[in-house]
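>>> could you look at this predicted model? Sequence included:
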Amino acid sequence: MIVYFSRSGTNYPDVNIKIGHTKRLSMFIADYTHGDQYEIVPTRAYPKNYQATVDQAEREQQQNARPAIKNPLPDVSQYDTIFIGYPIWFNEQPMIVRTFMDEVNLNHKNVVPFSTNAGSGWGDSISILKKTYPNARVLTGFSIEGSDADSARNQVNRWLQKIGY
């Protein structure tokens, strides 16, 4: 199963996109693996404006908030492997992803992270995943700058081959 959170609209560096960068990666992964997808959708949508989203994300992180998820959480019991994708916001997963992580137990599963960023790499997100799921097997993930996501299909395919898919 491929779980992801992504945001469209105005993104860094001030470009308007119809499909979020992380969603684009999830589509490539789904095409290659034929996996089911689950999009983490917040009850209250993030603003389309980039700076307004940055401000909201910063407030959420400072408050250690857990924004509500709009759609019903998936039943992951039938899956051995869960891909989990997110943009890096303030050096970690967005708090909406942390809501998912708190509510869905991925222990005793293969957890495969993928992320987009603005040049910061993984930040602390891998250590947060491992701390949240101490009994999961966290595989080598894939991270790329968001502005390169649209053209990353071949890189994603090579990464998936490398980790055994």
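The structure has been received and is ready for your questions.
>>> give me the buried positions along the helix or strand where Lys23 lies.
If you go by DSSP states H and E, Lys23 is part of helix 21-33. Under the neighbour-count criterion of 16 or more other Cβ atoms under 10 Å, helix 21-33 has 21-30 buried. C-beta coordinates here come from the backbone N, C-alpha and C atoms, glycine included.
>>> could you point out the helix or strand that follows it?
strand 37-39.
>>> and that next one, what does it pack against?
Judged by 3 or more Cβ pairs under 8 Å, 6 or more residues apart in numbering; DSSP states H and E, the packing partners of strand 37-39 are strand 2-4, helix 21-33.
>>> turn these into TSV, including distance to Lys70 and mean pLDDT.
Formatted as TSV, the helices and strands packed on strand 37-39 follow (distance: least, Cβ to Cβ, whole Å; pLDDT from 0 to 100):
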stretch	distance to Lys70	mean pLDDT
strand 2-4	14	99
helix 21-33	16	97
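>>> got the ones you listed as TSV, with distance to Glu39 columns?
Conversion of the helices and strands packed on strand 37-39 to TSV gives the following (distance: least, Cβ to Cβ, whole Å):
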stretch	distance to Glu39
strand 2-4	6
helix 21-33	7
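>>> so which of these gets nearest Gln51?
helix 21-33 (17.5 Å; Cβ to Cβ).
>>> just the CA atoms of the closest one, as PDB, please.
As requested, the backbone C-alpha atoms of helix 21-33 are provided in PDB (Å, rounded to 0.1, in the frame of the first residue of the first chain):
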ATOM      1  CA  HIS A  21       5.300  16.700  -5.800                       C
ATOM      2  CA  THR A  22       4.800  13.800  -3.300                       C
ATOM      3  CA  LYS A  23       1.600  12.700  -5.100                       C
ATOM      4  CA  ARG A  24       3.600  12.500  -8.300                       C
ATOM      5  CA  LEU A  25       6.100  10.200  -6.700                       C
ATOM      6  CA  SER A  26       3.200   8.100  -5.300                       C
ATOM      7  CA  MET A  27       1.800   7.700  -8.800                       C
ATOM      8  CA  PHE A  28       5.200   6.500 -10.100                       C
ATOM      9  CA  ILE A  29       5.400   4.000  -7.200                       C
ATOM     10  CA  ALA A  30       1.800   2.800  -7.800                       C
ATOM     11  CA  ASP A  31       2.500   2.400 -11.600                       C
ATOM     12  CA  TYR A  32       5.600   0.200 -10.800                       C
ATOM     13  CA  THR A  33       4.200  -1.800  -7.900                       C
END
